[in-house]
Every structure is written in C-alpha cells, then in structure tokens.
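Engineer: Below is the sequence, then the predicted model.
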Amino acid sequence: MTKKKLNIGLVGAGFMGRTHSNAFRQVGQFFGGEYEPVLKAIATRNAKGAADFAANWGYESSESDWRKLIERKDIDLIDIASPNDTHAEIAIAAAEAGKMVMCEKPLGRNAAEAEKMVAAVEAAGVANMVWYNYRRVPAVTLAKQMIDEGRLGRIFHYRAKFLQDWTISADVPQGGMGTWRLDASVAGSGVTGDLLAHCIDTALWLNGGIDSVTAATETFVKQRSHAVSGKVEEVKIDDASAFLARFENGSLATFEATRYARGHKALYTLEINGEKGSIAWDLHDLHRLQFFDHGDDGHLRGWRSIHITDGDHPYMSHWWVPGLQIGYEHSFIHQAADFLGGLASGTPAAPTFRDALRTDYVTDAVLASARSGRWEAVKG
Ligand SMILES: NC(=O)c1ccc[n+]([C@@H]2O[C@H](COP(=O)([O-])OP(=O)(O)OC[C@H]3O[C@@H](n4cnc5c(N)ncnc54)[C@H](O)[C@@H]3O)[C@@H](O)[C@H]2O)c1
C-alpha cells in the first residue's frame, strides 16, 4: 500500500520537540497505518538551534520563525511544542491557513484563549489534537477500559497528585529558556496549568465532568530575578495548588501539585475508589496498574499489581514480547498513532481542542477559587 505522506512542521526544539519528533519517527514502524509522517521542517527562534535540531532528528529543513512554516505549501500539519504564550497565535494562524494542528498542553494560558483556538480549528474544519500524553500510558488506558467495563462500580473518590521539587531554590530565575514556566505572562499559571492540567485531563477522561472546585494556592518564593532582564520581579505563578472537586457522577476528589515536594522529581499518582474495587497508578512505576477487586473470594482478596506488558493490554501488541515493558516516550508514539488512525478513519482521536478546553475551564475555576476563597462552578 502506498502511504499518504503527512508533512509535519514542528515549532519548538526543546523537551517536547524531542518527544514529538521521536514519536513521528517511530510511529510508522510500530503501528503501520495509512499515513506516513514526514519530518519536513522545524522552527524555533534560534536559526542555529533549529538547524542543529533538524540535522539531529532528520528534518528536511529548518526555519527561525514559525510563520514561515505556516506560509509553506509543503506543510500539512503544524505541531506546537513551544511555550504556552505561543500556542494560541500559532494554532489560530495554522488553522486559518488550512493546516492540521497538534498542540502541547495546556491548550491556552486560560480558557478565553483556548476558546478562540477551538473556534479557529472548528471554523477551518482542520484535524486537531492536544498532547495530553498520559492517557496513552497503557496502564492508564487499561484503567479507562476497566472503569468502562464497570469493574469499579459507582465511583466515590478520585485522588491525584503531581509532585516536583525543582524550584525550591530562590536562585532559580523566572522567564527565559527552561524557566519560562515561572513567568506568569508566558506560562499563564504555575503548577495549576502545568502539572494539574495533566491530572485534570486524565480525571475528566476516566471519571467524567467536574461540577465545582474549591482551591488553595501558594507562592513560596515571592520574588525572583528574570532570566532575560536580570531584574528582580514579583513571582505571579502558583508554586503549589491543591483543590477539592465534586464530579458530575457524585464522586468527591482531591488534587494536589507542587514544585516544592523535596525528593520528588515528577511523581504523578492517581487512585480511584469505587463500590466494587479500586485502581491506583504511579508514573514512577508506569507499566503497572494496582487493582483491588472486592469481588475476589474473601480469603484471596488483596491489591494485585498488574504488569501491563501482555499482548492483550492496550497498545502492547505493537511492542515487544509479553513481559517486556515500555516507557514514557511511548505515550507520545501512541498519541501520534491514534491521531493518524483518527485521520484514516474519519473519527478524530481525543483529546481534540474542544476536549482539552474542558481542562482549561477547570484550571480557570481552580485559580478563581484560590482568589475568592469560595467554591466555584466549572464552566462548560
Ligand atoms: N505533555 C507533556 O507531558 C509536557 C511536558 C513538558 C512540556 N509540555 C508543554 O510543551 C510545551 C513546550 O514545553 P517544553 O518543556 O518542550 O519547553 P522547552 O523550554 O524545553 O522548549 C521550548 C522550545 O520552544 C522554542 N520557542 C520558544 N518560543 C518560540 C517561538 N516564539 N517560536 C518558535 N519556537 C519557540 C524554544 O526555543 C525551545 O526550543 C509547553 O506548552 C509545555 O507546557 C508538555
């Protein structure tokens, strides 16, 4: 079968630029399919950085301005892997030029920005997706399957945490390469839009919509020097964020994220407790799903640790032989595979921009509640 070529124009040559490039390079070998991604061009602000990235990852060309990618007739899809303040402008311009758009999370710096992005891709009728990759960790995908099969029964509790410790030192600057996440004008918010957005996306997918939230945030280091201007400025992002949520299905939830949990580098954990059973997952042990089934015989009942490596586990038949595990980067390969599969079938793979907007509604409500000190309803 002759494959349809899908010419990719990537924006951003950092952490996510690498995970996406790796995904587009590998997806065809492991998942086959009708479409063949072609690494056509990469744009980043620095011409040398773009050229070096292109040479390393096998892109045919490079640009120092993302607008050039959008003007090019030979680009079918714009893939946005640059900081949050660039997402809306690039996505809207790409959609208006008739390009498909894949965008890193969070979709917008706030829901108002994300709504414009949704309107643009829907008006243009272009395929779109947001890289909430944790849905595609096979253990998390299996959790979704088990919930849909009714194995947990009625859900009472959802509990998620995302813990890091890399900003404890007051010497870490805000703004600039790598530390743009601490600059509210670039990032939109702190851990709420960064880490909690992942937890919220997974939760909306596994447990349905969130009605209302009540939150507290804290900024532990109040001033930092700016990496670009060198000036000491007020820190306007949330360093830590914790909230309670009520889901539409009646369950009660707690979410917490921080960059001040000494000893934790990137610990995303979730636990769901239902009437018939419970599930727990941990990013540091991502190929395992913990499951407690209350239906087991009483004398055998206990938490079991399922090693998600068998051919009948989600995505795993595309990888190695049973018993051999995969890792973080594979979640992006799975996402690329699902996006391409959606193009081929005509049924878009989730989360689309519209799906991801729901996460921005929740993060907006969390930040509003932290300001007001009250429960806030979630829009949508
Ligand atoms: N899905 C995930 O798990 C995950 C993980 C990390 C980051 N992210 C998201 O991915 C995005 C990028 O984060 P990152 O960690 O890769 O950042 P990064 O700082 O590692 O890289 C950002 C890249 O974008 C480039 N860039 C900045 N402004 C640009 C512009 N105007 N035009 C073109 N290129 C520009 C930089 O030069 C750099 O190459 C963010 O939105 C972030 O929230 C998602």
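Structural biologist: Good, I have the coordinates. Predicted, not measured: the structure shown is a model, and the values here were computed from it.
Engineer: For the rest of this, base every contact and every neighbour count on C-alpha atoms.
Structural biologist: Noted.
Engineer: Whichever helix in the chain runs longest: which residues count as buried?
Structural biologist: Longest among the helix segments of the chain by residue count, using DSSP state H, is helix 353-372. Buried residues in helix 353-372, defined by neighbour count with 16 or more other CA atoms under 10 Å: 353-370.
Engineer: can you list the residues that contact stretch 280-288?
Structural biologist: When contacts are defined by CA atoms under 8 Å, 6 or more residues apart in numbering, stretch 280-288 is touched by residues 137-140, 266-272, 289-291, 305-309, 325-328.
Engineer: wait, stretch 71-87
Structural biologist: The contact list for stretch 71-87 (CA under 8 Å, 6+ apart) reads 6-14, 16-17, 40-41, 69-70, 90-91, 94, 97, 99-109, 180, 185-188.
Engineer: Could I get the contacting residues of Leu152?
Structural biologist: If a contact means CA under 8 Å, 6+ apart, then Leu152 has 146, 273-278, 293 as its contacts.
Engineer: Between which two of these is the distance greatest?
Structural biologist: Within the contacts of Leu152, Met146 and Glu275 form the most distant pair, 13.5 Å apart (CA to CA).
Engineer: Tell me, how many residues neighbour Gly190?
Structural biologist: When neighbours are defined as other CA atoms under 10 Å, Gly190 has 26 of them.
Engineer: Check which helix or strand the residue in the stretch 101-250 of the chain that the ligand sits nearest to maps to.
Structural biologist: Residue of the stretch 101-250 of the chain nearest the ligand, by CA to the nearest ligand atom: Gly178 (4.1 Å). In this assignment (DSSP states H and E), Gly178 forms part of neither any helix nor any strand.
Engineer: just to revisit the earlier point, among the contacts of stretch 71-87, which lie within helices?
Structural biologist: 16-17, 69-70, 90-91, 94, 185-187.
Engineer: Might you report the residue contacts of Glu329?
Structural biologist: Listed by CA under 8 Å, 6+ apart, the contact partners of Glu329 are 19, 22-23.
Engineer: could you redo the last one with a cut-off of 6 Å?
Structural biologist: Not one residue lies near Glu329 by CA atoms under 6 Å, 6 or more residues apart in numbering.
Engineer: on that earlier part again, any idea how far the helix or strand that the longest helix of the chain is followed by is from the chain center?
Structural biologist: Sequence-wise, the next helix or strand downstream of helix 353-372 (DSSP H and E) is strand 376-377. Centre-to-centre, strand 376-377 and its host chain are 23 Å apart (CA atoms, centre = their mean, to the nearest Å).
Engineer: any idea of the mean pLDDT in strand 376-377?
Structural biologist: Taken as a whole, strand 376-377 has an average pLDDT of 98.
Engineer: Now tell me what touches that strand from outside.
Structural biologist: For strand 376-377, contacts defined as CA under 6 Å, 6+ apart pick out 211-213, 365, 369.
Engineer: For the ligand, what's its nearest residue on the stretch 201-350 of the chain.
Structural biologist: The nearest approach of the stretch 201-350 of the chain to the ligand comes at Phe332, 8.2 Å away (CA to the nearest ligand atom).
Engineer: near the ligand, which residues of the protein show up?
Structural biologist: Of all the residues in the chain, those in contact range of the ligand (CA under 6 Å from any ligand atom) are 11-17, 43-45, 66, 81-84, 86, 104-106, 131-133, 177-178, 194.
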